[in-house]
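Q: Provided below for reference: sequence and predicted model.
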Amino acid sequence: MTDSPQFQTHGPINDAVEIIGERRGWGIACGILQAHLELIAEGKETIGEAIERLGQFASSL
């Protein structure tokens, strides 16, 4: 067992952000992700809703 943090490199959020970053730019992708994280932190959006919206946006590109 290691003490270093383990990060998931693939999943619905990562995949969507990667698509957005490649097609619209990484600054935009990071801004969209940050906005969703803020909504989650404020209780205005669930993680499931964020995943769904990010996926819909990425699919539309």
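A: Arrived safely, thanks for sending.
Q: which residues does Phe57 contact?
A: By C-beta atoms under 8 Å, 6 or more residues apart in numbering, Phe57 lies in contact with 16, 20, 32. Using the backbone N, CA and C atoms, a C-beta is placed for each residue, glycine as well.
Q: Report pLDDT for it.
A: For Phe57, the model assigns a pLDDT of 91.
Q: now do Ile13
A: Reading off the confidence values, Ile13 has pLDDT 86.
Q: secondary structure element for the spatially most central residue of the chain?
A: The C-alpha lying nearest the average C-alpha coordinate of the chain belongs to Ile13 (C-alpha atoms, centre = their mean; 3.9 Å). Under the criterion of DSSP states H and E, Ile13 resides in helix 12-24.
Q: The following helix or strand past that helix versus helix 12-24: what angle between them?
A: Of the helices and strands lying after helix 12-24 in sequence (DSSP H and E), the nearest is helix 26-41. Per axes from the mean of the first three to the mean of the last three C-alpha atoms, to 10 degrees, the angle that helix 26-41 makes with helix 12-24 is 150 degrees.
Q: List of residues touching helix 26-41?
A: Residues outside helix 26-41 that contact it (C-beta under 8 Å, 6+ apart): 13, 17-18, 20-21, 45-47, 50, 53-54, 57.
Q: got the angle between the helix or strand just after that helix and helix 26-41?
A: Next helix or strand after helix 26-41 toward the C-terminus (DSSP H and E): helix 47-60. Inter-element angle recorded for helix 47-60 and helix 26-41: 160 degrees (by the same axes, to 10 degrees).
Q: Buried ones among the contacts of helix 26-41?
A: 13, 17, 20-21, 45, 50, 53-54 (16 or more other C-beta atoms under 10 Å).
Q: The residues you listed into JSON lines, with extra columns for distance to Leu39?
A: Converted to JSON lines, those look like this (distance: C-beta to C-beta, whole Å):
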{"residue": "Ile13", "distance to Leu39": "13"}
{"residue": "Val17", "distance to Leu39": "15"}
{"residue": "Ile20", "distance to Leu39": "16"}
{"residue": "Gly21", "distance to Leu39": "20"}
{"residue": "Glu45", "distance to Leu39": "4"}
{"residue": "Ala50", "distance to Leu39": "7"}
{"residue": "Arg53", "distance to Leu39": "9"}
{"residue": "Leu54", "distance to Leu39": "11"}
